[in-house]
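> Okay, sequence plus prediction incoming.
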Amino acid sequence: FVYDLAGSSSDEEDGGAARDAKRARLSEESSRSLPSSFFCAISHSVMRDPVVCADGMTYERAYIESWLLAHDTSPLTNQPLPHKLLVPNIALKQAIDEMLERV
């Protein structure tokens, strides 16, 4: 099994649209029943592309990238970050995707 971080096939894109719709619905309707780790601390929505930042926290990639363009600090603690490297949180992404398949 190889996890493709760069992209997806057209079949997966169709499934991706369905997962995105489920993410939006879950964020709006049932956020109390989902683990808080599924939600981005910046956007407060269910993550699609979770990444770990130097502060050890996981954020939605697009939101933390935007934050890091203007800041050198953690969005949660405002403490300086030692670097701006973002690492995919594959385990969390798989857990979110598995939950969405069950819903």
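On my side now, so go ahead.
> so Cys53 sits right up against Thr73, yeah?
No. Look at Cys53 against Thr73 with CB atoms under 8 Å: they stay out of range, at 10.6 Å. C-beta coordinates here come from the backbone N, C-alpha and C atoms, glycine included.
> So those two - more neighbours on which side?
Comparing Cys53 with Thr73 by neighbour count (other CB atoms under 10 Å), the higher total belongs to Cys53, at 23 against 14.
> From Ser74, how far out is the more buried one?
Per CB to CB, to the nearest Å, Cys53 is found 7 Å from Ser74.
> picking up where we left off before, hey, what's in contact with both of Cys53 and Thr73?
Listed as contacting both Cys53 and Thr73 by CB atoms under 8 Å, 6 or more residues apart in numbering are Leu81.
> What are the boundaries of the helices in the protein?
Along the chain, counting by DSSP state H, helices occupy 10-29, 61-70, 90-102.
> Check these for me: which has the lowest mean pLDDT.
Looking over these, mean pLDDT reaches its minimum on helix 10-29, with a mean of 60.
> sorry, back to before: mind listing the shared neighbours of Cys53 and Ser74?
Joint contacts of Cys53 and Ser74 (CB under 8 Å, 6+ apart) are Leu81.
> Would you enumerate the residues in contact with Pro88?
Pro88 touches Leu5, Asp49, Pro50, Val51, Val52, counting by CB under 8 Å, 6+ apart.
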